[in-house]
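J.: here's a sequence, model it:
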Amino acid sequence: MRPIYRALGIAAGLLLAGLGSAQAATEIEFWHAMSGALGERVEELVKKFNESQKDFVVKPVAKGNYDEVLNATIAAYRAKRQPEIVQSNERSFLTMVNSGAIVPTSELMAQQGHPIDVSKFIAPVVSYYAMDGKLQAMPFNSSTPILFYNRDHFKAAGFDKPGATWQELEPQLDAIKAKGVSKCAMVLPGDYEWSFLENYSAVNDIPYATKRNGMDGLDTTFVFNKGKLVGQVERMKRLVSSGVMQIAGQGIIPTQLFTSGECSSIIASTAAHAAVVAAAKFDWSAAELPYEQGVTPKNSVIGGAALWTLKGHTPEKYKAVAAFYDFLAKTDTQVWWHQATGYVPVTTAAYEAAKAQGYYQKNPTREIAVLQLMRGTPSDNSLGFRIGNSNQINVAIMEEVSAAFLGKKPVQQALDDAATRGNESLRRYEQLNAGKK
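T.: Down below sits the predicted model:
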């Protein structure tokens, strides 16, 4: 062979070898519901994983909000074009588990040589996504509500900080309004069913539904229309009616009414930290959720989402999924994610690592949610909520409670009607999923 042809042959061989090497990496898709700054953090997180090794490539794909991601996933699965990983919120747990379309995370990780010890996860996080001690999904972005407050406003009204109990906090909010310190003492969050009702029940250790809030079976029944929660909604109505607590108008994000200084406080997800830090031009801080006087408060419960693995893919694809989940569970990754987003670390090791770094000394409000989640031992009432048709039921509950706020119904009737509508939806879900978890 002439030298020039030999050289061309060697070059072609090297080129083909290079192409073969590039093609060797297994690619998987990760559909998510993060946008804005959080979407950027997801891109950064995935980039960190992709650059940490050469065997796998994760491709993040933003698909809209949680409902849009779920709808897109259902359509893709029916067309046999589903992604390997999909992010779905905690409300959709039963929908995902009973779909027959998922590979349980503990099963996947054990098969791929990355067994998961659920005892290393923060209890209220793992209880949402585990059945019989085995994770069905990989905890990803977990949050819990805390009380953000304007220090300047509270000091102007004569208070160093918000009271720990509702009996202490209510008079403070009334005083802020009466003294004209701000236009509203508190703004009602858009997700108040989660923050003011579910978390109120968990923290005050009262049942929201039977069967440990649905953890023990589909035949659960709502009981939130009995007991202390009625008083909580009565309180909310009084605060709204007196103008002490404001409902944000259409198109207005409640958090913006706080960060603009118009309202003095808001109970919001700890993930609101980024927005508060970026926009608040005043001295602010945060505190744990208020509870009823005389109660030993329990842990709050989480919101957020987890990552689900879908069926119908090759063994190589599942190796990639397991490697990505293993990366997510690493302490260094968890610490970075926690600090970059405001979501809580999902493992105790990550919390301890962040604490050892002195992160909470510099950012004390970032520790509040973790301490609140880890407070005491979860009871039957604070393990979490496992409700079928959860998204639709939450809409019904908020419609009824809003009717009470507007004076269209007495509070007790509104809660009775909400429980009735919710229980009807639960029975439909139970019939549709008879014999399942």
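
J.: for residue 203, see how far away the closest residue to residue 404 other than its chain neighbours is.
T.: Distance criterion CB to CB, 6 or more residues apart in numbering; nearest residue to residue 404, sequence neighbours excluded, is residue 414 at 3.8 Å. C-beta coordinates here come from the backbone N, C-alpha and C atoms, glycine included. Distance, residue 414 to residue 203, using CB to CB, to the nearest Å: 22 Å.

J.: what do you get for residue 369?
T.: If you measure residue 369 against residue 203 using CB to CB, the figure is 13 Å.

J.: settle it for me: which of those two has more neighbours?
T.: Shown here are residue 369 and residue 203; by other CB atoms under 10 Å, residue 369 has more neighbours (28 against 24).

J.: now do the contacts for the more buried one.
T.: 143, 144, 146, 270, 300, 344 (CB atoms under 8 Å, 6 or more residues apart in numbering).

J.: who are the contact partners of the last one?
T.: With contacts defined as CB under 8 Å, 6+ apart, residue 344 is in contact with 122, 125, 142, 143, 144, 270, 302, 338, 351, 369, 370, 373.

J.: mind running it again at 6 Å?
T.: 142, 369, 370 (CB atoms under 6 Å, 6 or more residues apart in numbering).

J.: part of a helix, is the first one?
T.: No. Under the criterion used here (DSSP: H, G, I helix; E, B strand; the rest coil), residue 142 is strand, not part of a helix.

J.: what sits against it?
T.: Contacts for residue 142 were tallied using CB under 6 Å, 6+ apart; they are 125, 302, 304, 343, 344, 346.

J.: okay, it: pLDDT?
T.: What the model reports as pLDDT for residue 142 is 93.

J.: show me what it bridges to in the sheet.
T.: Using DSSP bridges, the bridge partners assigned to residue 142 are residue 304, residue 344.

J.: what's the following helix or strand after the host helix or strand of residue 125?
T.: Assigned by DSSP states H and E, residue 125 falls within helix 123-129. The helix or strand immediately downstream of helix 123-129 is strand 130-131, counting by DSSP H and E.

J.: low-confidence ranges, the stretch 301-437 of the chain, go.
T.: For the stretch 301-437 of the chain, the stretches with pLDDT under 70 are 437.

J.: returning to that earlier point: with distance to residue 378 as extra columns, can I get the contacts of residue 142 in a markdown table?
T.: Shown next, in a markdown table, are the contacts of residue 142 (distance: CB to CB, whole Å):
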| residue | distance to residue 378 |
| --- | --- |
| 125 | 11 |
| 302 | 11 |
| 304 | 17 |
| 343 | 19 |
| 344 | 15 |
| 346 | 15 |
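
J.: out of those, which end up buried?
T.: Neighbour counting by 16 or more other CB atoms under 10 Å classes 125, 302, 304, 343, 344, 346 among the contacts of residue 142 as buried.

J.: what mean pLDDT does stretch 208-217 get?
T.: Stretch 208-217 shows an average pLDDT of 95 in the prediction.

J.: which residues are contacting it?
T.: Identification of contacts with stretch 208-217 by CB under 6 Å, 6+ apart yields 201, 220, 221, 222, 224, 380, 383, 385, 386, 387.

J.: then stretch 126-137?
T.: When contacts are defined by CB under 6 Å, 6+ apart, stretch 126-137 is touched by residues 90, 97, 104-106, 116, 118, 139, 302, 306, 308, 383-384.

J.: and if you look at stretch 39-58?
T.: When contacts are defined by CB under 6 Å, 6+ apart, stretch 39-58 is touched by residues 25-28, 30, 32, 34, 60, 62, 320, 323-324, 327, 340-341.

J.: for that stretch, list every residue counted as buried.
T.: Going by neighbour count (16+ other CB under 10 Å), the buried part of stretch 39-58 is 41, 42, 45, 46, 49, 50, 56, 58.

J.: equivalent analysis for stretch 161-176, please.
T.: 162, 163, 164, 166, 169, 170, 172, 173, 174, 175, 176.

J.: what about the closest residue to residue 385 other than its chain neighbours, distance to residue 390?
T.: In space, not counting the residues next to it along the chain, residue 385 is nearest to residue 213; the distance is 4.8 Å by CB to CB, 6+ apart. Distance, residue 213 to residue 390, using CB to CB: 11 Å.

J.: contacts only, for the residue nearest in space to the middle of the chain.
T.: The centroid of the chain falls nearest to residue 304 when counting by CA atoms, centre = their mean (1.4 Å). With contacts defined as CB under 6 Å, 6+ apart, residue 304 is in contact with 141, 142, 143.

J.: ok, 7 Å please
T.: 89, 90, 141, 142, 143, 343 (CB atoms under 7 Å, 6 or more residues apart in numbering).

J.: surely the second one touches residue 302?
T.: Okay, so that is residue 90. Yes. Using CB atoms under 7 Å, residue 90 makes contact with residue 302 at a distance of 6.5 Å.

J.: in strands, which of the buried residues of stretch 39-58 appear?
T.: Counting by DSSP state E, the buried residues of stretch 39-58 place 56, 58 in strands.

J.: helices - which of the buried residues of stretch 39-58 land there?
T.: Applying DSSP state H to these, the entries found in helices are 41, 42, 45, 46, 49, 50.

J.: the fifth one and residue 58, how far apart?
T.: As defined by CB to CB, residue 49 lies at a distance of 6 Å from residue 58.

J.: so which strand or helix has residue 417?
T.: Per DSSP H and E: helix 411-432 holds residue 417.

J.: now the helices for the stretch 51-200 of the chain?
T.: Taking DSSP state H, counting those that start in this stretch as the criterion, the stretch 51-200 of the chain contains helices spanning 66-78, 93-97, 105-111, 123-129, 151-156, 166-178, 192, 199-203.

J.: which one of the ones you listed is the most hemmed in?
T.: Stretch with highest mean neighbour count among the helices of the stretch 51-200 of the chain: helix 199-203 (a mean of 26; mean count of other CB atoms under 10 Å).

J.: how many residues are close by residue 334?
T.: Neighbour tally, residue 334, other CB under 10 Å: 22.

J.: cool, and residue 428?
T.: 13.

J.: what sits closest to it if chain neighbours are left out?
T.: Closest to residue 428 by CB to CB, 6+ apart is residue 389, at 7.0 Å.

J.: measure that neighbour to residue 74 for me?
T.: Noted for residue 389: a distance of 15 Å to residue 74, by CB to CB.

J.: and if you look at residue 300?
T.: Distance of residue 300 to residue 74, given as CB to CB: 31 Å.

J.: quick one on the thing from earlier: got the buried residues of stretch 39-58 as TSV, with pLDDT columns?
T.: Shown next, in TSV, are the buried residues of stretch 39-58 (pLDDT from 0 to 100):
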residue	pLDDT
41	94
42	96
45	98
46	98
49	98
50	98
56	97
58	98
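
J.: quick check, nearest of the buried residues of stretch 39-58 to residue 256?
T.: Of all those, residue 41 has the smallest distance to residue 256: 20.7 Å, by CB to CB.
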